[in-house]
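here is a sequence together with a model predicted from it:
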Amino acid sequence: MTETTTKKSSNDGNNLILTNSLVTREELDKFKLIVKQDYGVELSDKQAIEQATALLSLFDYLIDSRLELKRERVNINNNL
């Protein structure tokens, strides 16, 4: 799994630079905006990174599972 690392910027203590993250700054800001609009909750950058990464990992798992099922079906059909 990809590790998320954050580093403080020298020009702004509240500005985080995302390094080795699954999300970009723009995607993170968009995610935070969606959460705020849909749920009325303001996430910190750290919370948003954790939740966005968990969500992406879930989607990755679901996609992999579906692809595996499709591969198995193709193999079954090819063996007939």
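Thanks, I have it. Please read these numbers as outputs of a predicted model, since none were measured by experiment.

measure residue 52 to residue 18 for me?
Using CB to CB, to the nearest Å, residue 52 is found at 10 Å from residue 18. All C-beta spots, glycine's among them, are computed from the backbone N, C-alpha and C.

who has more neighbours out of the two?
Taking other CB atoms under 10 Å, residue 52 and residue 18 do not tie; residue 52 has more neighbours (22 against 17).

tell me who's in contact with the more buried one.
22, 23, 27, 28, 31 (CB atoms under 8 Å, 6 or more residues apart in numbering).

which residues in the chain form strands?
Under the criterion DSSP state E, the chain contains strands at 5-8, 16-19.

just to revisit the earlier point, overlap in contacts of residue 52 and residue 18?
residue 28.

for residue 32, what are its contacts?
Per CB under 8 Å, 6+ apart, neighbours of residue 32: 42, 43, 45, 48.

which one is the first one nearest to, not counting chain neighbours?
Think residue 42. residue 36 (5.6 Å; CB to CB, 6 or more residues apart in numbering).

separation between that neighbour and residue 65?
31 Å.

over to residue 47?
Distance from residue 47 to residue 65, counting by CB to CB: 27 Å.

so those two - more neighbours on which side?
Comparing residue 47 with residue 65 by other CB under 10 Å, the one with more neighbours is residue 47, at 13 against 10.

tell me how far that one lies from residue 30.
From residue 47 across to residue 30, the span is 15 Å (CB to CB).

also residue 74?
Plainly put, residue 74 is 36 Å away from residue 30 if you go by CB to CB.

looking at these two, which has the bigger crowd around it?
Taking other CB under 10 Å, residue 74 and residue 30 do not tie; residue 30 has more neighbours (14 against 10).

no further questions, thank you.
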